[in-house]
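[1] need a 3D model of the sequence below.
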Amino acid sequence: MLHISFRAPAPLAGRSSSQFPSEGGTRKENVSILRAESVTKLFGRKVGEAQRKLGAGAAPEEVRALGVTAAVVDATFEVEQGEIFVVMGLSGSGKSTLIRMLNGLLEPTSGVIEIDGKDIAKLTGKPLRALRQDKVSMVFQHFALFPHRTVLENAAYGLEVRGFSKEERAKKAREFLSQVGLEGWEDKLPGQLSGGMQQRVGLARALAAGTDIILMDEAFSALDPLIRREMQDLLLDLQSRLNKTVVFITHDLNEAMRIGDRIAVMREGRIVQIGTAEEILTDPANDYVAQFVADVDRTRVLTAASVMENPLVTVPANTGPRTALRTMREHQTSAAFVVGRDRKLIGKVTGAAVADAVQDGVQTLDELIDPEDLEPVGPETPVADLFARSAESDLPVPVAGPDGVLLGVIPRVTLLAALGAINTHVTEVITDEVSKEGSAVDA
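    Here you go, the predicted structure:
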């Protein structure tokens, strides 16, 4: 069972109209900075014939029979400015080939790859080099540091290539080495650093280059689990401050779920699904994806926002006990949330207290509102953190935004039903597969 700490993603264009936060905390419309359309990469001699077969729906083994490897087939996606877009797949799925086409190291057999609206397949020589220097930087799996250069010189290399003065590049490199936690290590050689520290140098080099897009090809896979998690935390922290656009390649589902705003799942060269971690878990595109994520601890991925319901049983603070009692009786509940005119959560009232107030002729709820033990959860709270709250309260768990406005509630039965529905989906997929295998044996 995978245990995943999840950073709830901002939904993107094509999913909803949500927006990304900018560095200053204001919000901006989504802007596509990188686009791939029907991108295919084939290796071999009979590429033309293989491409015709693929266009006609040929299976991968038919293409391999021609001596052609279909590394990437008909890949289409967009990456929004400021998101972490994760490409995930098993070894041989085509993800590393894909990322090498995104910065022009490999030329697509067909299709279009655009960065800021420019088709990079049409760029050669100086324009292509300029695009790599100004727009795209890369962090490699095995660090790719110069062993004879100091940490500072490695971090400043991208700026050196772009012609910055020695003073300028040293200042910028020191700034980002400090941000990745390597202040004081500037004069060391890479061989004097641990693997995690070397990867921090690689990350500092990519950041110092000042490019809009950072490509990370299995950047943390060579690290041991504890260091790997530290690097994930560092990446998320830097992203919250710098708002870079990151395309991150990994074969690790745990890692993809933890850091990705969206995830593209690849299989045999094709992208079989793109979505948030939550979308992929709750609505897998096919049996392959469903089986791929079957062992994920969904309570660590699903959030309060995904299971909450509309708050139907609420009582305005300016109403009287009679109205409050009638509302609770209509909904057959022993307590209700009290909200202000601005829908901000104020507290709760119980049916017993309200009934006594009606008998005593009390005209307002002011003395009956209990503000205790009602701190709401945020919409990004993992479902795993809701069970204790649900068990301790006679009311559903309230969900509120940063401004205190009540967004929804999570009744105990809804919490359990949501988990049951997810598990049922996975069970159905597995049952279908077993049935197919049984039918094949009977035949």
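
[2] hey, let's count contacts and neighbours off CA atoms from now on
    Fine.

[3] ok, and for stretch 152-169, which residues are buried?
    For stretch 152-169, burial by neighbour count (16 or more other C-alpha atoms under 10 Å) applies to Leu152, Glu153, Asn154, Ala155, Ala156, Tyr157, Gly158, Leu159, Glu160, Arg169.

[4] whoops, I mixed them up, stretch 210-220
    Gly210, Thr211, Asp212, Ile213, Ile214, Leu215, Met216, Asp217, Glu218, Ala219, Phe220.

[5] also stretch 190-209?
    190, 195-209.

[6] circling back to that earlier point, now, which of the buried residues of stretch 152-169 lie within helices?
    The helices, defined by DSSP state H, take in Leu152, Glu153, Asn154, Ala155, Tyr157, Gly158, Leu159, Glu160, Arg169 from the buried residues of stretch 152-169.

[7] between the residues you listed, which is closest to Gly44?
    Gly158 (33.9 Å; C-alpha to C-alpha).

[8] the closest one contacts Ala209, doesn't it?
    Yes - with contact defined as C-alpha atoms under 8 Å, Gly158 reaches Ala209; the gap is 5.2 Å.

[9] can you pull the residues that touch both of those two?
    Common contact partners of Gly158 and Ala209 (C-alpha atoms under 8 Å, 6 or more residues apart in numbering): Gln133.

[10] between the buried residues of stretch 152-169, which sits nearest Pro321?
    Nearest member of these to Pro321, counting by C-alpha to C-alpha, is Ala155, at 67.3 Å.

[11] so where does the closest residue to that closest one other than its chain neighbours fall, helix or strand?
    Spatial nearest neighbour of Ala155, excluding adjacent residues (C-alpha to C-alpha, 6 or more residues apart in numbering): Arg205 at 4.0 Å. Assigned by DSSP states H and E, Arg205 falls within helix 195-208.

[12] could you do Thr414 as well?
    With DSSP H and E as the test, Thr414 turns up in helix 412-442.

[13] where's Gln81 relative to Leu235, distance?
    16 Å (C-alpha to C-alpha, to the nearest Å).

[14] with Leu302 instead?
    In terms of C-alpha to C-alpha, Leu302 sits 22 Å off from Leu235.

[15] tell me which of those two has more neighbours.
    When Leu302 is set against Leu235 and neighbours are counted by other C-alpha atoms under 10 Å, the residue ahead is Leu302, at 24 against 17.

[16] check contacts around the more buried one.
    Leu302 sits next to Glu278, Pro382, Val383 when contact means C-alpha under 8 Å, 6+ apart.

[17] checking the first one next. Helix, strand or coil?
    Reducing the assignment to helix, strand or coil with DSSP: H, G, I helix; E, B strand; the rest coil, the entry for Glu278 is helix.

[18] residue boundaries of the strands in the stretch 51-200 of the chain?
    69-80, 84-88, 110-115, 118-119, 136-139 (DSSP state E, counting those that start in this stretch).

[19] what mean pLDDT does the first one have?
    Taken as a whole, strand 69-80 has a mean pLDDT of 94.

[20] in it, what counts as buried?
    Within strand 69-80, judged by 16+ other C-alpha under 10 Å, the buried ones are Thr69, Ala70, Ala71, Val72, Val73, Asp74, Ala75, Thr76, Glu78, Val79, Glu80.

[21] now swap in stretch 404-419 and tell me
    So for stretch 404-419, counting by 16+ other C-alpha under 10 Å, buried means Gly404, Val405, Leu406, Leu407, Gly408, Val409, Ile410, Pro411, Arg412, Leu415, Ala418, Leu419.

[22] any idea how far Thr276 is from Gln291?
    17 Å.

[23] tell me which of these two has more neighbours.
    Using other C-alpha under 10 Å as the criterion, Thr276 and Gln291 rank with Thr276 on top: 24 against 15.

[24] avg pLDDT for stretch 225-238?
    89.

[25] ignore the last one, stretch 94-109
    Across stretch 94-109, the average pLDDT comes to 91.

[26] for the stretch 301-443 of the chain, just list every one of the helices.
    Using DSSP state H, counting those that start in this stretch, the helices assigned to the stretch 301-443 of the chain run over residues 304-307, 321-330, 351-360, 387-392, 412-442.

[27] which secondary structure element of the protein has the lowest mean pLDDT?
    In the chain, no helix or strand scores lower on mean pLDDT, DSSP states H and E than strand 20-21, which sits at a mean of 36.

[28] quick one: residues contacting the closest residue to Pro371 other than its chain neighbours.
    Distance criterion C-alpha to C-alpha, 6+ apart; nearest residue to Pro371, sequence neighbours excluded, is Gly347 at 4.1 Å. Residues near Gly347 by C-alpha under 8 Å, 6+ apart: Phe337, Val338, Val339, Ile369, Asp370, Pro371, Glu372, Leu374.

[29] residues in contact with the nearest residue to the first one once chain neighbours are set aside?
    The one in question is Phe337. Spatial nearest neighbour of Phe337, excluding adjacent residues (C-alpha to C-alpha, 6+ apart): Lys348 at 4.4 Å. Taking C-alpha under 8 Å, 6+ apart, we find Lys348 in contact with Ala335, Ala336, Phe337, Val338, Ile369, Asp370, Pro371, Leu374.

[30] in strands, which of the residues you listed appear?
    Ala335, Ala336, Phe337, Val338 (DSSP state E).

[31] the first one reaches Met328, doesn't it?
    Same thing as Ala335. Yes - in this structure Ala335 lies within contact range of Met328 using C-alpha under 8 Å: 6.8 Å.

[32] in terms of neighbours, single out the busier of these two.
    Ala335 (25 against 20).

[33] what's the distance between the more buried one and Asp217?
    53 Å.

[34] and if you look at Gln359?
    Remark: distance between Gln359 and Asp217 (C-alpha to C-alpha) = 70 Å.

[35] ok, now Ala36?
    With C-alpha to C-alpha as the criterion, Ala36 and Asp217 are 17 Å apart.

[36] still on that earlier bit, and of the contacts of Gly347, the nearest to Glu107?
    Taking those together and measuring to Glu107 by C-alpha to C-alpha, the closest member is Leu374, at 57.6 Å.

[37] tell me the pLDDT at that closest one?
    According to the model, Leu374 scores 73 on pLDDT.

[38] contacts only, for it.
    Gly347, Lys348, Pro398.

[39] cool, Phe143 as well?
    Taking C-alpha under 8 Å, 6+ apart, we find Phe143 in contact with Gln198, Gln199, Gly202, Ala219.

[40] can you lay out those as a markdown table showing pLDDT and distance to Arg132?
    Below are those laid out as a markdown table (pLDDT from 0 to 100; distance: C-alpha to C-alpha, whole Å):
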| residue | pLDDT | distance to Arg132 |
| --- | --- | --- |
| Gln198 | 91 | 22 |
| Gln199 | 89 | 20 |
| Gly202 | 90 | 16 |
| Ala219 | 87 | 19 |
